[in-house]
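# fold the following.
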Amino acid sequence: MSKDFTELFDEWSERYDETVAGGDEEYREVFDGYDRILEEVASRVSGTVLEFGVGTGNLTEKLLRRGCAVYGIEPSKGMREQALKRQFDMVLAAGDFLRFPLVPEKIDAVASTYAFHHLTDEEKEEAIAIYSGLLGAGGKLVFADTMFEGEEERREIEEAARAAGHVKLLNDLRTEYYTTLNVLEGILVRHGFEVSFYKLNRYVWLMDATKASEEG
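Next up, the predicted model:
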């Protein structure tokens, strides 16, 4: 990936669950409805799931409760340590969206929450091309992350963060690789996916993509 976020996430790992629960005022809207968002992602996949950005294991837990077999990929050692404390029946490995150990069985879905924005648009396309090669017809790609309907919405949200004095959030919005729906849709279509988007809170959209058959 273009930036190495592992040190940041190592430092954040012990406070992450407090943040997503609303403990940080600046990011409260970003994580509004966090549990519901994770449940929505988990409800749209089944079978063997490759999960990127496992973090402390919150999405993993929901996937396992639904009977999925989970292969988790997490670049941060601190986050992996937090997830391992929960003693889930899963396979957890170091890696990221672009570089990860091969899964020794057929993958039915790829899932992720609050992580895909760490890739540039070019890297997003590289990653989706990889997942397209791993998934068969009907395979699912379900991500929830901060993204924008378009550039107008990006500007409105950045201005709202500035007006609220949310300096850290504004810096994130301006320096991380949050994409727009039309850019992401174009990438997915080029790599054989049919996609729908659903807005889950002010910042987060859900991307539900299905690998089409070769005939489709």
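# where do the helices sit along this structure?
Under the criterion DSSP state H, the chain contains helices at 6-12, 16-18, 34-43, 58-65, 77-84, 121-134, 151-163, 167-175, 181-190.
# tabulate those (a markdown table), appending mean neighbour count.
(Each C-beta comes from the backbone N, C-alpha and C, glycine too.) What follows is the helices of the chain, written out as a markdown table (neighbours: other CB atoms under 10 Å):
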| stretch | mean neighbour count |
| --- | --- |
| helix 6-12 | 15 |
| helix 16-18 | 15 |
| helix 34-43 | 18 |
| helix 58-65 | 20 |
| helix 77-84 | 19 |
| helix 121-134 | 17 |
| helix 151-163 | 14 |
| helix 167-175 | 15 |
| helix 181-190 | 17 |
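# out of the ones you listed, nearest to Pro101?
helix 121-134 (12.4 Å; CB to CB).
# what comes up buried for the top strand by length along the chain?
Ordering each strand of the chain by length in residues (DSSP state E) puts strand 135-146 first. Neighbour-count burial for strand 135-146 flags Leu135, Gly139, Lys140, Leu141, Val142, Phe143, Ala144, Asp145, Thr146 (criterion: 16 or more other CB atoms under 10 Å).
# go on, stretch 45-57?
Val45, Val49, Leu50, Glu51, Phe52, Gly53, Val54, Gly55, Thr56, Gly57.
# can you list phi and psi of Leu119 for me?
Main-chain dihedrals, Leu119, degrees, to the nearest 10: phi -100, psi 140.
# export stretch 164-176 as PDB, just CAs?
Output of stretch 164-176 as PDB, limited to C-alpha atoms (Å, rounded to 0.1, in the frame of the first residue of the first chain):
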ATOM      1  CA  ALA A 164     -17.000  21.700  13.800                       C
ATOM      2  CA  GLY A 165     -13.300  22.200  14.600                       C
ATOM      3  CA  HIS A 166     -12.600  18.500  14.000                       C
ATOM      4  CA  VAL A 167      -8.900  19.000  13.000                       C
ATOM      5  CA  LYS A 168      -7.900  15.300  13.100                       C
ATOM      6  CA  LEU A 169     -10.900  14.200  11.100                       C
ATOM      7  CA  LEU A 170     -10.500  16.900   8.500                       C
ATOM      8  CA  ASN A 171      -6.800  15.900   8.100                       C
ATOM      9  CA  ASP A 172      -7.900  12.300   7.500                       C
ATOM     10  CA  LEU A 173     -10.500  13.300   5.000                       C
ATOM     11  CA  ARG A 174      -7.900  15.300   3.100                       C
ATOM     12  CA  THR A 175      -5.000  13.000   3.200                       C
ATOM     13  CA  GLU A 176      -6.400   9.400   3.100                       C
END
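# Asn201 contacts Glu29, doesn't it?
Yes. If you go by CB atoms under 8 Å, Asn201 and Glu29 touch, sitting 6.8 Å apart.
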